[in-house]
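Engineer: this one's structure only:
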């Protein structure tokens, strides 16, 4: 069979599902673009899952891999680019927002709720990396979300405000605020937006292990995609202002839907999931640590991503 030249994903194509490009708007009027994965010969009233992340990635990377794999297991899945990134709309580009990125999940639920083959009462969401935190925030707000799964979760508001392992104190935060607001003045004057530091183009060998792991995914053929911020760009620097000022997990203890929190045992980010899980209440909550897995293993390593348990968890709770 000839190769499908239209396939621009970083993972192999499955012949068990059909994929179609879809567009829908969030409540801010930003047009989001997603890939809808539908099991071949699918009937009506199927459960559905909206998927996004990692933070700085696009739907052709990890979220699409999750979406395709779960569609093979009988779900209609939607991997989408968040606002201001990838093929989705929004200006200026490469902006992150705790509010808008949470809303993006609900906009995906809007779309799925109105799809002819979806049972609107059986919709879940799955967030990877930084979008795991946004997924929990969406589940705390949107009662249509019956199940939420997070994989290798980051709380982007916590790490922005406090640094890794909460090493940033109030004095350092104030200094960061001053620098970022000074940058706002300069951005307005110049009519441009300064960019935050991204991954290096080459490794020096002195980087922390987790930077090397990110590099191995985003900067090599394993996971590189031209539209991904982490592969080929940088975030808008002043996005940090809203992230550091709006903690997204404030009401996560009020989530009433089922929650599965997945993280790598050896991930530098493991504490985000463990702390988020401690705050969750109710019986239908599960923390699953994957033996010998690091943060990035759960982007694309099918031997370590617990797809069977994820599918089972959705099936058990999307009844």
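Structural biologist: Cool, the structure landed. A quick note: this is a predicted structure, and the numbers were derived from the prediction, not measured.
Engineer: Please enumerate the helices of the stretch 151-300 of the chain.
Structural biologist: For the stretch 151-300 of the chain, applying DSSP state H, counting those that start in this stretch gives helices covering 156-162, 170-190, 209-218, 229-232, 239-245, 270-279, 297-300.
Engineer: what's the following helix or strand after the last one?
Structural biologist: Counting by DSSP states H and E, the next helix or strand C-terminal to helix 297-300 is helix 307-317.
Engineer: Identify the residues contacting that following helix?
Structural biologist: 47, 49, 69-70, 73-75, 124, 126, 146-147, 149, 257-258, 260, 262, 284, 286, 288 (CB atoms under 8 Å, 6 or more residues apart in numbering). Where you see a C-beta, it was placed from the backbone N, CA and C, and this is true even at glycine.
Engineer: ok, 7 Å please
Structural biologist: Contacts to helix 307-317, defined as CB atoms under 7 Å, 6 or more residues apart in numbering, come from residues 47, 49, 69-70, 73, 75, 124, 146-147, 149, 258, 260, 284, 288.
Engineer: Would you mark the buried spots in it?
Structural biologist: Buried residues in helix 307-317, counted by 16 or more other CB atoms under 10 Å: 310, 311, 313, 314, 317.
Engineer: For residue 186, which non-adjacent residue is closest in space?
Structural biologist: residue 194 (7.1 Å; CB to CB, 6 or more residues apart in numbering).
Engineer: how near is the one you found to residue 56?
Structural biologist: 17 Å (CB to CB, to the nearest Å).
Engineer: Residue 93 is in contact with residue 227, correct?
Structural biologist: No: with contact defined as CB atoms under 7 Å, residue 227 does not count as touching residue 93 (10.4 Å).
Engineer: looking at the helices of the stretch 151-300 of the chain, which is closest to residue 9?
Structural biologist: Among those, the nearest to residue 9 by CB to CB is helix 297-300 (10.9 Å).
Engineer: Name all residues that make contact with residue 238.
Structural biologist: Residues near residue 238 by CB under 7 Å, 6+ apart: 180, 183, 184, 187.
Engineer: Kindly give a single PyMOL line that selects the buried subset of these.
Structural biologist: Remark: buried members of these, expressed as a PyMOL selection using 16+ other CB under 10 Å:
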select buried, resi 180+183+187
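Engineer: can I get the contacts of residue 238 in a markdown table with distance to residue 110?
Structural biologist: What follows is these, written out as a markdown table (distance: CB to CB, whole Å):
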| residue | distance to residue 110 |
| --- | --- |
| 180 | 33 |
| 183 | 35 |
| 184 | 32 |
| 187 | 32 |
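Engineer: Name the nearest of the contacts of residue 238 relative to residue 208.
Structural biologist: Within these, proximity to residue 208 (CB to CB) peaks at residue 180, which comes in at 23.3 Å.
Engineer: in terms of contact, does the closest one touch residue 239 like I think?
Structural biologist: No: using CB under 7 Å, residue 180 makes no contact with residue 239, being 9.3 Å away.
Engineer: Now do the buried residues in stretch 214-234.
Structural biologist: Neighbour counts over stretch 214-234 (16+ other CB under 10 Å) mark 214-215, 217-219, 223, 225, 227-231, 233 as buried.
Engineer: brain fart, stretch 129-145
Structural biologist: Buried residues in stretch 129-145, defined by neighbour count with 16+ other CB under 10 Å: 129-140, 142, 144-145.
Engineer: related to what we said a few turns ago, make TSV out of the buried residues of helix 307-317 and add distance to residue 89.
Structural biologist: Listed next are these as TSV, based on distance: CB to CB, whole Å:
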residue	distance to residue 89
310	30
311	32
313	32
314	29
317	33
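Engineer: Cool, thanks, signing off.
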